[in-house]
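Undergrad: please work out how this folds:
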Amino acid sequence: MVIFAVSIGLFAGKFTETVPVTVISDRAGLVMNPDAKVKMRGVQVGTVKSIQYRPDGKAELQLDMDPSQLHLIPSNVNVDIASS
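TA: Residues are numbered from 1 along each chain as shown. All right, here's what the predicted structure looks like:
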């Protein structure tokens, strides 16, 4: 039973190391969902962990970023929310 649970956890990515990143946006869009892919130039660099709507009307997106990809992303990068 334990081996089965670990196998499911590995398949679902539960044991993958990520770096948390917060994005504040004027909108989240109607198509933005948790577990959506975060891409840069077509390459997946993370996933959306959660979306919260703030009292000021903005959206706060919590991202789980792949640490091996972070060195490719500038610290002052602009975010574009789009459907794929």
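Undergrad: from here on, just use CA atoms for contacts and neighbour counts.
TA: Will do.
Undergrad: measure the closest residue to Asp26 other than its chain neighbours to Ser25 for me?
TA: The shortest distance from Asp26 to any non-neighbouring residue, by Cα to Cα, 6 or more residues apart in numbering, is to Lys58 (4.7 Å). Separation of Lys58 from Ser25 (Cα to Cα, to the nearest Å): 6 Å.
Undergrad: now Asn78
TA: On the measure of Cα to Cα, Asn78 and Ser25 end up 10 Å apart.
Undergrad: do the same with Gln52
TA: To Ser25, Gln52 is 11 Å away according to Cα to Cα.
Undergrad: which neighbours do the two share?
TA: Common neighbours of Gln52 and Ser25 (criterion: Cα atoms under 8 Å, 6 or more residues apart in numbering): Ala59, Glu60, Leu61.
Undergrad: in the chain, which spans are strands?
TA: 19-25, 37-40, 43-53, 59-65 (DSSP state E).
Undergrad: in its sheet, which strands sit next to the second one, and in what direction?
TA: So that's strand 37-40. Pairing partners of strand 37-40, with direction, according to DSSP bridges: strand 43-53 (antiparallel).
Undergrad: buried stuff in the strand it pairs with?
TA: Val45, Gly46, Thr47, Val48, Lys49, Ser50, Ile51 (16 or more other Cα atoms under 10 Å).
Undergrad: now do stretch 52-67
TA: Buried residues in stretch 52-67, counted by 16+ other Cα under 10 Å: Ala59, Glu60, Leu61, Gln62, Leu63, Asp64, Met65, Asp66.
Undergrad: going by distance to Asn33, which of those wins?
TA: Among the buried residues of stretch 52-67, Leu61 lies closest to Asn33 (Cα to Cα), at 9.9 Å.
Undergrad: contacts only, for that closest one.
TA: Shown in contact with Leu61 (Cα under 8 Å, 6+ apart): Thr22, Val23, Ile24, Ser25, Ala28, Val48, Lys49, Ser50, Ile51, Gln52.
Undergrad: over to Ser25?
TA: Applying Cα under 8 Å, 6+ apart, the residues near Ser25 are Lys58, Ala59, Glu60, Leu61.
Undergrad: if anything else comes up later, I'll come back, but that's it for now.
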